[in-house]
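Enquirer: only geometry, no sequence info:
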């Protein structure tokens, strides 16, 4: 079941329409990524982020973390 090990990808630029705390529930509700049962999401560093977001319980790449923190957000 390798599909469980490979997370679905979203870029920080895909989060521009979201605000506040971003968790799996917020990602699923927004439709940014079509979340499938048993799959994780990883946020990658593609695109720009200009507002602070709190990413909670979602894996992020190093470049995504830098962009999130540079915009005044945080990763929990």
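Expert: Structure's in. What do you need? What you see is a predicted model, and the numbers here were worked out from it, not measured in a lab.

Enquirer: From now on I want contacts and neighbour counts done on CA atoms only, so please keep to that.
Expert: OK.

Enquirer: Show the average pLDDT along the longest helix along the chain.
Expert: Longest helix in the chain by number of residues, with DSSP state H as the criterion: helix 62-70. Taken as a whole, helix 62-70 has an average pLDDT of 97.

Enquirer: What of stretch 31-46?
Expert: The pLDDT scores in stretch 31-46 average 85.

Enquirer: Quick check: buried residues in that stretch?
Expert: Across stretch 31-46, burial judged by 16 or more other CA atoms under 10 Å covers 32-33, 35, 40-45.

Enquirer: what does stretch 54-62 give?
Expert: By neighbour count on 16+ other CA under 10 Å, the buried set for stretch 54-62 is 54-55, 59-60.

Enquirer: Just the terminal-to-terminal distance for that stretch.
Expert: In stretch 54-62, first residue to last residue: 15 Å (CA to CA, to the nearest Å).
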